[in-house]
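Visitor: model this:
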Amino acid sequence: MSTTRPDSTAPPHHESLGGLPQLIRYASTYPAPRALLQALQAGPLARRGMVAGFLWILVEGTHLVSIASIGWTRDLVDRYSILPLELDISAVHSTREDRIIVDDTDDFAGTYLSALDDTFLAERFEERGARSAIASPLRHAGIVIGNLGFVTSRRWEDDDEARTLLRALGHVIGMWATHPRTGATDIPGSVSQREWSLAFTPRQKQILALAGEGLSNTEIARLLIVSNSSVKQDLHQTMRALRTHSRQDAYQRAMDLGLLH
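Guide: Just a heads-up that it's a prediction; the model follows:
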């Protein structure tokens with residue numbers, strides 16, 4: 001694959017887009033999702049300092065599901081592999097509102113990561129010298145089909161040139177993702193649970209809401225006609241994902257994050 005920057009004899013706008021023509025040619029070979037993300041980091045987003053990123057695809061109109069990531073540790077990949085569209089973070093807002101969102105990482109850590117209790121990710125930002133966090137929609141045929149999220153080691157200049165680049169990338173990746181040969185959208189119809197996932201099932205949300213009202217496990221089990229062990233297991237999953245040690249704290253954090261609205 002070619003990830004070199006344009007020849008110095010290329011027109012000025014090619015240089016300003018930082019390798020977009022090469023990426024378009026590469027995307028037309030239908031590379032695997034992670035290979036495409038690596039090409040983004042080495043090509044169009046190289047001079048803008050991309051250090052880590054995610055590619056998410058919108059599934060069932062309810063969740064963003066990661067199809068590729070680079071630069072993150074396994075626990076963080078699992079943590080952000082499924083994002084319910086109720087979640088109050090930039091990637092979700094960017095997808096739902098079809099707009100580019102640029103955050104200073106200090107603001108991002110203070111606003112989102114503290115709410116999620118993801119102090120490790122905030123430390124990872126600092127360790128990598130991350131300055132900005134960007135969320136940009138992926139589009140195909142005028143419809144948002146996913147999101148590109150990444151962090152940069154230098155401050156993102158949110159000007160017309162940068163937004164033109166992101167919009168172009170959104171269309172290129174959107175066309176790539178929807179082509180059958182990429183396999184990018186071959187995701188099971190039902191979103192599977194993962195250990196740290198915030199993509200709660202309807203029953204988990206219902207149990208957490210009832211626990212927040214003060215009902216005991218036995219009362220919840222009787223009301224929902226399920227076993228006590230099922231209630232206990234679902235509460236444990238939600239508390240673990242929300243990184244809390246009490247039912248009431250889990251309920252409050254889920255409310256704060258918009259997961260129970």
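
Visitor: surely P137 is within a helix?
Guide: No - inclusion of P137 in a helix is not indicated when DSSP: H, G, I helix; E, B strand; the rest coil is applied; the result is strand.

Visitor: for the nearest residue to it once chain neighbours are set aside, list each beta-bridge partner.
Guide: Closest residue to P137 in three dimensions, ignoring its sequence neighbours and counting by Cβ to Cβ, 6 or more residues apart in numbering: V144, at 4.7 Å. All C-beta atoms are positioned from the backbone trio N, CA, C, and that covers glycine. In this structure, V144 bridges to R139 when assessed by DSSP bridges.

Visitor: which parts of the stretch 1-150 of the chain are strands?
Guide: For the stretch 1-150 of the chain, the strands defined by DSSP state E, counting those that start in this stretch cover 50-59, 63-70, 82-84, 101-104, 132-140, 143-152.

Visitor: export the first one as PDB, just CAs?
Guide: What it means is strand 50-59. What follows is the C-alpha trace of strand 50-59 in PDB, where atoms were taken according to Å, rounded to 0.1, in the frame of the first residue of the first chain:
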ATOM      1  CA  MET A  50      -2.900  11.200  14.700                       C
ATOM      2  CA  VAL A  51      -1.700   8.800  17.500                       C
ATOM      3  CA  ALA A  52      -4.700   6.500  18.000                       C
ATOM      4  CA  GLY A  53      -8.200   6.000  16.600                       C
ATOM      5  CA  PHE A  54     -11.400   4.000  16.200                       C
ATOM      6  CA  LEU A  55     -13.600   3.200  13.300                       C
ATOM      7  CA  TRP A  56     -17.300   2.600  14.300                       C
ATOM      8  CA  ILE A  57     -20.200   1.400  12.200                       C
ATOM      9  CA  LEU A  58     -23.800   2.200  13.100                       C
ATOM     10  CA  VAL A  59     -25.700  -1.000  13.800                       C
END
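
Visitor: how about the strands of the stretch 1-150 of the chain, which one is nearest T238?
Guide: Counting by Cβ to Cβ, T238 lies closest to strand 82-84 out of those; the figure is 12.3 Å.

Visitor: so which elements touch that closest one?
Guide: In terms of contacts (3 or more Cβ pairs under 8 Å, 6 or more residues apart in numbering; DSSP states H and E), strand 82-84 is packed against strand 63-70, helix 90-97.

Visitor: who wins for proximity to F200 among the ones you listed?
Guide: Ranking the helices and strands packed on strand 82-84 by distance to F200, with Cβ to Cβ as the measure, places strand 63-70 first at 10.7 Å.

Visitor: mind listing what's buried in whatever helix or strand M255 lives in?
Guide: M255 is part of helix 247-256 when elements are defined by DSSP states H and E. By neighbour count on 16 or more other Cβ atoms under 10 Å, the buried set for helix 247-256 is R247, A250, Y251, R253, A254.

Visitor: try stretch 141-157
Guide: For stretch 141-157, the buried set under the neighbour-count rule, 16+ other Cβ under 10 Å, comprises V144, I145, G146, N147, L148, G149, F150, V151, T152, W156.

Visitor: show me where the stretch 151-261 of the chain has its helices.
Guide: Read by DSSP state H, counting those that start in this stretch, the stretch 151-261 of the chain holds these helices, from start to end of the chain: 160-178, 202-212, 217-224, 228-242, 247-256.

Visitor: any chance of a markdown table for those helices, columns mean pLDDT and distance to A39?
Guide: Formatted as a markdown table, the helices of the stretch 151-261 of the chain follow (pLDDT from 0 to 100; distance: least, Cβ to Cβ, whole Å):
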| stretch | mean pLDDT | distance to A39 |
| --- | --- | --- |
| helix 160-178 | 95 | 10 |
| helix 202-212 | 92 | 37 |
| helix 217-224 | 93 | 48 |
| helix 228-242 | 89 | 32 |
| helix 247-256 | 89 | 37 |
